[in-house]
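Participant: no FASTA, just this:
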């Protein structure tokens, strides 16, 4: 497959490395010659120096016969325009773009062939927000993924002492919850995967991955560990895109506090959020956390732009 990647940053570089290893024909576009040289030293790919939204640059990259364009620069506007030009001038079949700004993402009608022709939208902040929100809905869950437009979920949970099914065969779940249809898809025991069968015994410490209808998830979870109480109080460290999105999604159901280090941003958040309490300060400040009753907080979520701070 002939693929053009617009953007040679961390995401673009990782994509190029992974896709090139699968015998694809990869061309990377970036205005930074240094980034391209670094990629060329590591990977056998073609590179083009320039702005990926320019028609002549896309043409030089081989857009006329490309199967796919993936735009992952740090600019939403460059990414969207690159997809638009690739479709309008070169009829590139598949366009994938990273778009981060909520102002764009909230307009669903914007992304279609008669508007901005993007086939697949990638929004890292949106993905993280949804993932955290799902985990909060199922206290004790390690992972949670939705399928069938949210009607069915795949949940991972650690089997703990007190769970009705711990120490019993999987087939016993039919006796415990006869009216619930669930399937255990996999079990990880001591870091190794096990393909489960009806006579597989659930051990304490097993990580169990099961599928069930969304409204049955907690009933199945209760078979594997004593259920935690629903979360009520949440502190979010960081009021950037992810922190704001999370607060907006959670504030109607939970008591939310957001700690933001920059004063101007804290004022902005306090005006935009309806129910969340916004605090200006350092989320790593022990005294501040104690003053905000961290000991009575159910969940602390660190989503600043600094990995070490988180």
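Facilitator: Okay, I see it. For clarity, every value in this text was computed on a predicted model and none was experimentally measured.
Participant: Show me where the stretch 51-200 of the chain has its helices.
Facilitator: 55-60, 76-90, 102-105, 124-137, 173-176 (DSSP state H, counting those that start in this stretch).
Participant: Contacts only, for residue 50.
Facilitator: Counting by C-beta atoms under 8 Å, 6 or more residues apart in numbering, residue 50 makes contact with 29, 31, 56-57, 60. In this view, the C-beta of every residue, glycine as well, is placed from N, C-alpha and C.
Participant: ok so, going back, can you tell me which of the helices of the stretch 51-200 of the chain is packed in deepest?
Facilitator: Stretch with highest mean neighbour count among these: helix 76-90 (a mean of 21; mean count of other C-beta atoms under 10 Å).
Participant: Distance of residue 307 relative to residue 188?
Facilitator: 26 Å (C-beta to C-beta, to the nearest Å).
Participant: who has more neighbours, the two?
Facilitator: The neighbour comparison of residue 307 against residue 188 (other C-beta atoms under 10 Å) goes to residue 188, with 16 against 7.
Participant: still on that earlier bit, format the contacts of residue 50 as JSON lines; extra columns: distance to residue 161 and pLDDT.
Facilitator: Shown next, in JSON lines, are these (distance: C-beta to C-beta, whole Å; pLDDT from 0 to 100):
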{"residue": "29", "distance to residue 161": "55", "pLDDT": "97"}
{"residue": "31", "distance to residue 161": "57", "pLDDT": "96"}
{"residue": "56", "distance to residue 161": "66", "pLDDT": "97"}
{"residue": "57", "distance to residue 161": "61", "pLDDT": "97"}
{"residue": "60", "distance to residue 161": "63", "pLDDT": "97"}
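Participant: can you put those residues in CSV and add distance to residue 171?
Facilitator: Formatted as CSV, those follow (distance: C-beta to C-beta, whole Å):
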residue, distance to residue 171
29, 56
31, 60
56, 65
57, 61
60, 62
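Participant: Correct me if wrong: residue 101 contacts residue 76.
Facilitator: Yes - using C-beta atoms under 8 Å, residue 101 is in contact with residue 76, at 5.2 Å.
Participant: Isn't residue 4 up against residue 25?
Facilitator: No - between residue 4 and residue 25 there is no contact under C-beta under 8 Å: 9.6 Å.
Participant: Neighbour count for these two, which is higher?
Facilitator: Each of residue 4 and residue 25 has its neighbours counted (other C-beta under 10 Å); residue 4 has more, 28 against 16.
Participant: What's the separation between the more buried one and residue 94?
Facilitator: Relative to residue 94, and taking C-beta to C-beta, residue 4 is found at 11 Å.
Participant: re the thing from before, among the helices of the stretch 51-200 of the chain, which is nearest residue 247?
Facilitator: helix 124-137 (9.9 Å; C-beta to C-beta).
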